[in-house]
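1. Test case, fold it:
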Amino acid sequence: MLGWGTRRQDAPDVKHPSHGLTFPEILISACAVVLVLFIASAMLFPRVTSSGSAPRAAAKNDVAQLATAISAFQAEYGHLPPGANGPIRRALVDILTGRDVAANPRKIVFIEINPWKLKRGGTNAAGDFLDPWGSPYFVATSESGTIGQAGSVTGRIAYDLPKSVAVWNVPATTLTREAHRQAVTSWE
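-> Predicted coordinates:
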């Protein structure tokens, strides 16, 4: 006779139902959560990027790189590149990208510029360097190290900048708020 708490050797094992999840169930649940988060972020991403911060960041990067490239040219050759005042046209782009061997005989690439794309900027078919909205960049240089006047939008003009190179854009838009959002300078 079996006592209380003892088990017969020939009795089948009785499995008690578990109250937890198995590893495959946890893995499938985690994958489902990640998939839902991925889909939600994919739907939200275009709204975040369309706010205009990416084109402005690209424009700020452009003006900083242009100012640096012109300064590097001056450091390398001992003088500013020809045409380094006014809108940035093909002639200056060719000098800074190493394609104009008369002005840049060492063919040094001071800046790399891609073809123009909306919200990214670059050179257009004429070779002019444009901002992400299609407006030109401008440059002012000074051998003395002080630029008398540089600016982009009314109210954002700088006088007597303690710099040898200043780069900015002039937004095509006439809407004051939009113009101020699109205006970028190398000295701010």
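
2. So which bits of stretch 92-109 are buried?
-> L92, V93, D94, I95, L96, T97, G98, D100, A103, N104 (16 or more other Cβ atoms under 10 Å). Every C-beta, even on glycine, is put in place using the N, C-alpha and C of the backbone.

3. and the two most separated of those residues?
-> Greatest spatial distance among the buried residues of stretch 92-109 (Cβ to Cβ): L92 and G98, at 12.4 Å.

4. how does this protein divide into domains?
-> With domains defined by automatic domain parsing, the chain comprises 22-49, 53-182.

5. Helices of the chain, residue ranges please.
-> Using DSSP state H, the helices of the chain run over 23-49, 53-77, 90-96, 176-182.

6. Against which helices or strands is the third one packed?
-> Where contact means 3 or more Cβ pairs under 8 Å, 6 or more residues apart in numbering; DSSP states H and E, helix 90-96 is packed against helix 53-77.

7. who's in contact with the helix it packs on?
-> Applying Cβ atoms under 8 Å, 6 or more residues apart in numbering, the external contacts of helix 53-77 come out as 80-81, 84, 88, 95-96, 104, 106, 108, 110-111, 119-121, 129, 131-133, 137, 139, 141, 163-169, 181-182, 184-186.

8. Now Q182: closest residue in space, sequence neighbours ignored.
-> Spatially, and ignoring its direct neighbours in sequence, Q182 is nearest to P171 (4.0 Å; Cβ to Cβ, 6 or more residues apart in numbering).

9. That neighbour: neighbour count?
-> Residues lying near P171 (other Cβ atoms under 10 Å) number 20.

10. Pull up the gap between it and T68, please.
-> Distance, P171 to T68, using Cβ to Cβ, to the nearest Å: 22 Å.

11. Where does the prediction get shaky in this protein?
-> Residue ranges of the chain with pLDDT under 70: 1-18, 45-52, 151-156, 174.

12. what do you get if the cut-off is 50, keeping everything else the same?
-> The chain contains residues with pLDDT under 50 at 49.

13. Nearest residue to the middle of it?
-> A58 (4.1 Å; Cα atoms, centre = their mean).
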